[in-house]
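>>> Quick one, what's the 3D model for this:
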Amino acid sequence: MKVLRYLLTIPLVGFVFGCGEGLNHSSWNNPVWNNPYPDQDKGQNILYSAFTERPKHLDPVQSYSEDEATFTNQIYEPPLQYHYLKRPYTLVPQTATDVPKPSYYSADGKRLPSDAEEKSIATSVYEIQIKPGIQYQPHPALARNAQGELVYHQLTPTDLKPIRELRDFRETGTRELIAEDYVYEIKRLAHPRLHSPIFALMSDYIVGLKELGEKLKQHNQALPTGHKEAWIDLRQFSFAGAEVVDRYTYRINIRGKYPQFPYWLAMAFFAPIPWEADRFHAQAGMAERNLTLDWYPIGTGPYMLVENNPNSRMVLARNPNYRGEIYPDEGEAGDREAGLLADAGKTMPFIDRIVFVREKESIPYWNKFLQGYYDAAGISSDNFDQAVQMSSQGDVAISEAMREQGIHLSASVDTSVSYLGFNMLDPLVGGNVGGNVGAGAGSNPKNVERARKLRQAISIAIDQEEFISVFLNGRGIPAMSPISPGIFGYDAGQAGIDPVQYDWVNGSPKRKSVEVARKLLIEAGYPNGRDAKTGEALVINLDTTAAGLGDKARIDWMTKQLAKIDVQLNVRSTDYNRFQEKMRKGTAQLFRWGWNADYPDPENMLFLLYGPQGKVASAGENAANYANPEYDALFEQMKNKENGPERLAIITRMLAVLHNDAPWIWGFYPKTYALSHEWLYNRKPNKVAHNTLKYQRLDPALREKRRNEWNGIVIWPMLLVVMLLVIGFLPAFLGYRKHEQARART
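Next comes the predicted model:
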């Protein structure tokens with residue numbers, strides 16, 4: 001028996017120490033051995049999330065991507081924000097006391113009434129008052145000594161020698177947010193070394209911004225050799241576009257009338273930057289250590305960045321100086337039933353810390369979510385069938401397996417549109433009203449009408465509902481116009497359908513039959529897909545950059561769609577640069593395109609078909625080169641009106657013009673599905689606002705309980721295997737011992 005005990009002990013000891021090695025200090029007392037987080041984080045109020053693309057810019061003057069906004073919008077606070085729950089998206093104050101209303105002035109400086117004609121308005125003035133008492137996060141740039149002097153603004157190479165990260169500075173400080181900080185950031189839009197992506201656009205609106213850019217450029221060029229990177233104190237450069245009125249009030253002057261400007265005031269471009277931070281990070285030796293505003297944000301928001309390793313991990317922690325904000329007490333229909341108003345009136349934020357881990361592959365991301373190590377996750381094509389089930393009517397619901405695990409499904413429609421565009425300069429499918437057409441198309445009204453009916457027929461034949469089901473797993477809504485859900489002017493009812501492509505049947509839109517498309521094709525002069533005069537087959541050219549296996553499936557599908565009306569599809573695939581050149585020169589015929597709204601206003605969607613925005617004529621965003629005098633005139637009337645019945649009536653007429661002309665095959669509005677565990681509350685998808693983490697709440701105890709249930713190690717099967725191995729090995733061992741003893745006696 002001594003031998004047997006010896007044999008059992010060795011494998012078991014090896015098994016215990018082998019399994020425990022490198023597993024977060026796990027032991028027999030901890031049933032969870034696969035936890036990727038430190039033991040001290042157990043039960044803590046920490047949200048765990050993932051990111052796939054590393055953020056390139058965290059400086060608000062340069063940051064413009066959604067990946068970056070995930071971080072920046074929790075830290076920086078522009079004066080306005082979007083209501084978390086209301087739809088359509090609604091602007092509300094953030095640091096401002098209210099949403100500013102413009103005051104209008106004529107060219108001679110005379111105050112005009114609020115209903116003044118647009119042509120009489122020379123300047124719109126937005127006066128913004130911010131709330132007093134708002135404090136910045138602790139930051140070494142704001143640290144002062146007992147004499148009130150800034151501690152770290154005269155750093156020498158010796159001072160910087162031990163510094164590698166921002167937290168290496170011992171002292172931190174704070175101060176109150178003031179109006180000058182907002183004006184300072186607006187000036188940074190024109191900074192010659194920063195290259196803000198909205199500088200050119202804002203120069204058309206903010207009075208004097210372009211001139212400020214020229215002045216700063218000249219100043220920068222005039223700096224002596226060896227001082228080309230010296231700090232430019234923007235406080236010394238005043239300009240008429242942004243002025244400080246008093247400590248808590250500033251004024252922005254806009255050329256003409258631009259009612260969409262308040263939407264920009266909800267973007268990080270217009271968040272405050274204290275001059276002290278700009279000066280601090282501009283010191284020699286800081287950039288070499290990544291000690292820049294592009295790496296370390298400074299803000300007044302609910303969170304601050306405490307760990308920045310964009311290749312691996314990013315961590316936000318609660319800003320101890322944050323003033324607190326009240327969770328909203330109203331939303332849209334269904335929010336109360338969904339539990340989204342349970343925390344109404346409570347002070348935010350609810351979560352202490354957010355840990356973002358970079359996941360380059362979707363499978364590890366998905367598995368960690370199922371194990372409870374990520375609190376929420378998106379749904380990729382790889383795991384769609386596991387997460388979601390679709391009814392025969394196309395309704396989407398969470399799968400039974402996910403429901404049993406307490407996982408919730410939420411869906412939101414993006415404020416974007418994906419479409420197939422006809423090049424209206426093309427002699428076959430194009431032909432703009434009024435003769436604004438390309439070479440070879442002519443201005444004959446009969447040709448224009450012929451091309452219109454051809455576009456309508458093709459639009460009906462391409463079944464967007466089938467495309468969404470086959471290629472998007474149902475993650476989309478068939479589009480009826482450029483205006484997506486959540487934006488003023490969108491109508492999901494009968495009044496909002498495209499009557500050229502759809503009928504309203506039993507309370508929902510139904511695509512017109514292929515027979516209707518064939519009839520339109522005959523009226524266009526192409527019976528059975530052939531030119532009635534020449535007998536030649538009708539061929540439509542699809543210009544694309546598609547080259548992969550998935551792209552081939554989509555192209556085959558497109559070919560079959562056109563074949564339903566006897567039209568042939570010719571795919572002209574090319575590289576991206578060549579495709580862009582075709583678009584710039586207007587030599588494409590049919591192409592796939594898309595647009596994400598910069599802000600939730602119909603002007604930002606309808607301008608995509610505004611004649612003066614033509615890509616060929618003016619390098620604008622009208623990729624179809626569509627031009628219709630009636631539509632353009634209506635756009636001019638609509639773009640600067642406030643939302644209301646009058647604006648809606650104009651939009652309705654604009655959409656009717658588009659439905660008739662069919663410059664786009666409307667495509668679809670993408671839909672985003674997201675999953676969250678039962679312990680995560682107040683999670684409502686919002687594709688416009690990104691400062692949403694402050695609204696979410698956790699139940700860490702429930703999370704810990706579920707993790708233990710889902711990841712606990714069942715030890716007895718492994719022990720049984722070890723025992724069987726030992727028992728199987730025992731006869732051989734005993735035989736060997738007996739043989740050795742016999743040899744010894746001999």
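>>> can you tell me the distance between the two ends of stretch 327-341?
8 Å (C-alpha to C-alpha, to the nearest Å).
>>> Next: stretch 621-634.
The distance separating the two terminal residues of stretch 621-634, taken as C-alpha to C-alpha, comes to 18 Å.
>>> Flag every buried residue along it.
622, 623, 624, 625, 626, 627, 628, 631, 632, 634 (16 or more other C-beta atoms under 10 Å). No exception for glycine: its C-beta is placed from N, CA and C like everyone else's.
>>> Same question for stretch 504-517.
By neighbour count on 16+ other C-beta under 10 Å, the buried set for stretch 504-517 is 509, 511, 512, 516, 517.
>>> Just the ones in helices from those, please.
516, 517 (DSSP state H).
>>> Residue 157 and residue 226, how far apart?
Note on residue 157: its distance to residue 226, by C-beta to C-beta, to the nearest Å, is 15 Å.
>>> longest strand of this structure?
strand 664-676 (DSSP state E).
>>> How far off centre is that strand?
Strand 664-676 sits 13 Å away from the centroid of its parent chain (C-alpha atoms, centre = their mean, to the nearest Å).
>>> Next: stretch 101-114.
Computed by C-alpha atoms, centre = their mean, the chain-centroid distance of stretch 101-114 equals 36 Å.
>>> and what of stretch 579-589?
With C-alpha atoms, centre = their mean as the basis, stretch 579-589 stands 28 Å off its chain's centre.
>>> so residue 520 touches residue 452, yeah?
No. The pair residue 520 / residue 452 is not scored as a contact, 9.2 Å apart, by C-beta atoms under 8 Å.
>>> for whichever strand or helix holds residue 210, packing partners?
Secondary structure from DSSP states H and E places residue 210 in helix 209-222. On a contact count with 3 or more C-beta pairs under 8 Å, 6 or more residues apart in numbering; DSSP states H and E, helix 209-222 meets helix 199-203.
>>> just to revisit the earlier point, and the furthest pair within the buried residues of stretch 621-634?
623 and 634 (20.2 Å; C-beta to C-beta).
>>> quick one on the thing from earlier: following the helix holding residue 210, which helix or strand comes up?
Next in sequence after helix 209-222, counting helices and strands by DSSP H and E, comes strand 242-246.
>>> Which elements pack onto that next one?
helix 179-188, strand 249-255.
>>> for that strand, the distance to its chain's centre please.
Centroid displacement of strand 242-246 relative to its chain, using C-alpha atoms, centre = their mean, is 32 Å.
>>> cool, and stretch 285-299?
Computed by C-alpha atoms, centre = their mean, the chain-centroid distance of stretch 285-299 equals 24 Å.
>>> Same question for stretch 521-537.
For stretch 521-537, the distance to the chain centre is 45 Å (C-alpha atoms, centre = their mean).
>>> Please point out which parts of that stretch sit buried.
521, 523, 524, 525, 526, 529, 530.
>>> Give the other helices and strands that the longest helix seen in the chain contacts.
Longest helix in the chain, counting residues (DSSP H): helix 716-745. If you count contacts as 3+ C-beta pairs under 8 Å, 6+ apart, helix 716-745 packs onto helix 2-20.
>>> wait, doesn't residue 50 sit right on residue 365?
Yes. The pair formed by residue 50 and residue 365 meets the contact definition of C-beta under 8 Å, at 5.4 Å.
>>> so what's in contact with the two at the same time?
Each of 359, 374, 377 lies in contact with both residue 50 and residue 365 under the rule C-beta atoms under 8 Å, 6 or more residues apart in numbering.
>>> returning to that earlier point: got JSON lines for the helices and strands packed on strand 242-246, with distance to residue 474 and mean pLDDT too?
Output for the helices and strands packed on strand 242-246, formatted as JSON lines (distance: least, C-beta to C-beta, whole Å; pLDDT from 0 to 100):
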{"stretch": "helix 179-188", "distance to residue 474": "42", "mean pLDDT": "98"}
{"stretch": "strand 249-255", "distance to residue 474": "43", "mean pLDDT": "98"}
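>>> what's the most buried one of these?
helix 179-188 (a mean of 23; mean count of other C-beta atoms under 10 Å).
>>> And it, what does it pack against?
Under the contact rule (3+ C-beta pairs under 8 Å, 6+ apart), helix 179-188 is packed against strand 242-246, strand 249-255, helix 275-281.
>>> Can you list the buried residues in the helix or strand just after the second one?
Yep, that's strand 249-255 we're talking about. Next along the chain after strand 249-255, taking DSSP H and E as the criterion, comes helix 261-264. The neighbour-count check on helix 261-264 (16+ other C-beta under 10 Å) flags 261, 262, 263, 264 as buried.
>>> just stretch 347-367 next, same as before
Residues 348-351, 353-359, 362, 365-366 are the ones in stretch 347-367 that count as buried (16+ other C-beta under 10 Å).
>>> farthest-separated two in these?
Largest separation among the buried residues of stretch 347-367 by C-beta to C-beta: 348 and 362, giving 31.2 Å.
>>> Am I right that residue 49 sits in a strand?
Yes. The assignment for residue 49 by DSSP: H, G, I helix; E, B strand; the rest coil puts it in a strand.
>>> want to try JSON lines for the buried residues of stretch 504-517, with pLDDT and distance to residue 565 as columns?
Putting the buried residues of stretch 504-517 into JSON lines (pLDDT from 0 to 100; distance: C-beta to C-beta, whole Å) gives the following:
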{"residue": "509", "pLDDT": "96", "distance to residue 565": "20"}
{"residue": "511", "pLDDT": "97", "distance to residue 565": "13"}
{"residue": "512", "pLDDT": "97", "distance to residue 565": "12"}
{"residue": "516", "pLDDT": "97", "distance to residue 565": "10"}
{"residue": "517", "pLDDT": "97", "distance to residue 565": "5"}
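>>> Tell me the one of the buried residues of stretch 504-517 nearest residue 695?
Among the buried residues of stretch 504-517, residue 509 lies closest to residue 695 (C-beta to C-beta), at 34.0 Å.
>>> Dig out what the closest one forms beta bridges with.
Beta-bridge partners for residue 509, by DSSP bridges, are residue 504.
>>> was I right about it contacting residue 499?
No. Taking contacts as C-beta under 8 Å, residue 509 lies outside contact range of residue 499: 9.7 Å.
>>> now the host helix or strand of residue 446 against strand 664-676, angle please.
Element membership of residue 446, judged by DSSP H and E, is helix 445-461. With axes from the mean of the first three to the mean of the last three C-alpha atoms, to 10 degrees as the basis, helix 445-461 and strand 664-676 are set at 30 degrees to each other.
>>> Let's test this: mean pLDDT of the longest strand of the chain, rounded?
Per-region confidence: strand 664-676 scores 94 on mean pLDDT.
>>> Give me the helices and strands touching whichever helix or strand comes after it, please.
Using DSSP H and E, the helix or strand that follows strand 664-676 towards the C-terminus is strand 680-681. Judged by 3+ C-beta pairs under 8 Å, 6+ apart, strand 680-681 is in contact with strand 697-698.
>>> gap between the strand it packs on and the chain center?
The offset between the C-alpha centroid of strand 697-698 and the centroid of the whole chain comes to 22 Å, using C-alpha atoms, centre = their mean.
>>> Same question for stretch 697-709.
So, by C-alpha atoms, centre = their mean, the centroid of stretch 697-709 is 29 Å from its chain's centroid.
>>> That stretch - what's its average pLDDT?
Rounded mean pLDDT across stretch 697-709 is 96.
>>> neighbouring contacts of that stretch?
For stretch 697-709, the external contacting residues (C-beta under 8 Å, 6+ apart) are 31-32, 35, 42-47, 343, 350-351, 371-373, 375, 406, 677-682.
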